[in-house]
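Visitor: Starting from these lines, generate the structure:
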Amino acid sequence: MKILNVDQIRALDQSTIEHEPIAPINLMERAALAFVDWFVDRFPTTTPIKLFCGLGNNGGDGLAIARLLLERNYPIEVNVVRYARRESDDFMHNHRRLKLITETIRYIELPQEIPALRHNEVIIDAILGSGLSRPTEGIIKSVIEVINRSPATVVAVDIASGLNADKPNAPTDVIIEPDYTVTFQLPKLAFMLPKNGRYVGDWHIVDIRLHKRYIDLAPTHYYFTQPQDARLLLRKRERFSNKGSFGHALLMVGSYGKMGAAVLAAKACLRSGVGLLTVHAPKCGYDTLQIAVPEAMCRPDGNPNVLTGTPDRGASELGSLTPADYAVVGIGSGIGQAPETLDMLKGLLKTLKKPMVIDADALNLLSENRELLKQIPANSILTPHQKSLNG
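Guide: Here you go, the predicted structure:
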């Protein structure tokens, strides 16, 4: 599934409007209906709701959602956060439609006008959308702070108010911290950034039938892998195939005190379906690997505690084979950051011209020696997470 940036999403909306064709206000109604369908599947009609909306199109989504929930007999209180003098046209259209069925719309301009929030309520956040261009401030900031302090369940419409869709926020930014985010058609890049976890919650996609051809042709470097995508990677195995039919992998893993990482990496590699596996590890891990992963072949390094090598030829003690003789090489799990291990990594990158899987301490070594980044073979896979990035 593609991940598009904010400008592309705007263009996608416009392409849908032009090619379906559909009026912008009706596309907004479609999005509101999709959100409400998701909502009613999870929250009973007795759930008290406080909806907070801004003055732009995300606020227009919120007003349409409020009207649809009122029609389904949900008890809902609508709060319009007046942070500017002007409203969008779509906001005003939905405001007029909502006023036809309820007069109970509150307007918030000052902090003392923010209502109390209770634990049994659900808060719907439709204050700001993906078009955010600056940090939250003023009354918006005050409302977000009150919502974040409340014990209520929070559901964000499309994206949490205050969260940048395409780039990291500043540490001081004030952002809604939802329990759920219900986004339209495609995920946002912001959902994939580890530091944004508290500003996303459990995210769900609702289909609003945006222009498929535009999505198919839109260029992007970012994709979200779904189960159906992963299933396409599975290959049928012929009846008379054998271990020699499925490649020979080399893992360069482990150091003294970190052989558990080597064992886990080896088991994962075998589980993925490799035919043959050689694990190159320090001598201290030989017995551990032979007992814990007997299916793997183990080549002990000459060093008892860490992986070693030279900047010119990479790892030592690989016998008659070199890393280039293997179908794929994985490196990093538990290897540590000793100088001789860095020499081994330098040599490996210099001589190996096929894709690698680079993990854990190998990433840390690269981060401390950034000149090596240019030597990473094309199509290699890097597997960072926050702990490995932070050392």
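Visitor: Return the backbone torsion pair for the nearest residue to residue 71 once chain neighbours are set aside.
Guide: Of all residues not flanking residue 71 in the chain, residue 101 sits nearest, at 7.5 Å (C-beta to C-beta, 6 or more residues apart in numbering). The way it works is simple: take the backbone N, C-alpha and C, and place the C-beta from them, glycine included. The phi/psi pair for residue 101 (degrees, to the nearest 10) reads phi -120, psi -10.
Visitor: So which residues of the stretch 1-150 of the chain form helices?
Guide: For the stretch 1-150 of the chain, applying DSSP state H, counting those that start in this stretch gives helices covering 6-19, 24-40, 57-71, 89-99, 138-149.
Visitor: Just name the most buried of the ones you listed.
Guide: helix 57-71 (a mean of 24; mean count of other C-beta atoms under 10 Å).
Visitor: Does anything pack onto that helix? Which helices or strands?
Guide: Secondary-structure packing of helix 57-71 (3 or more C-beta pairs under 8 Å, 6 or more residues apart in numbering; DSSP states H and E): helix 24-40, strand 49-53, strand 76-81, helix 89-99, strand 122-126, strand 153-157.
Visitor: Select, out of those, the one closest to residue 7.
Guide: Of all those, it is helix 24-40 that lies closest to residue 7, at 17.1 Å by C-beta to C-beta.
Visitor: From residue 340, how far out is the closest residue to residue 125 other than its chain neighbours?
Guide: Leaving aside its chain neighbours, residue 125 sits nearest to residue 156 (4.5 Å; criterion: C-beta to C-beta, 6+ apart). Remark: distance between residue 156 and residue 340 (C-beta to C-beta, to the nearest Å) = 50 Å.
Visitor: quick one: which of these two has more around it?
Guide: Neighbour count, other C-beta atoms under 10 Å: between residue 156 and residue 340, residue 156 has more, with 30 against 16.
Visitor: The more buried one contacts residue 177, doesn't it?
Guide: No: here residue 156 does not reach residue 177: they are 9.3 Å apart, not a contact under C-beta atoms under 8 Å.
Visitor: what sits in contact with each of these two?
Guide: residue 201 (C-beta atoms under 8 Å, 6 or more residues apart in numbering).
Visitor: Which element, helix or strand, includes residue 160?
Guide: Counting by DSSP states H and E, no helix or strand carries residue 160.
Visitor: and the nearest residue to it once chain neighbours are set aside, helix, strand or coil?
Guide: Closest residue to residue 160 apart from its sequence neighbours, by C-beta to C-beta, 6+ apart: residue 176 at 4.0 Å. When classified by DSSP: H, G, I helix; E, B strand; the rest coil, residue 176 comes out as coil.
Visitor: residues touching residue 176, list them.
Guide: Applying C-beta under 8 Å, 6+ apart, the residues near residue 176 are 125, 127, 144, 147-148, 154, 156, 160-163, 199.
Visitor: again, only using 10 Å
Guide: Shown in contact with residue 176 (C-beta atoms under 10 Å, 6 or more residues apart in numbering): 52, 123, 125, 127-128, 136, 143-145, 147-148, 154-156, 159-163, 198-201.
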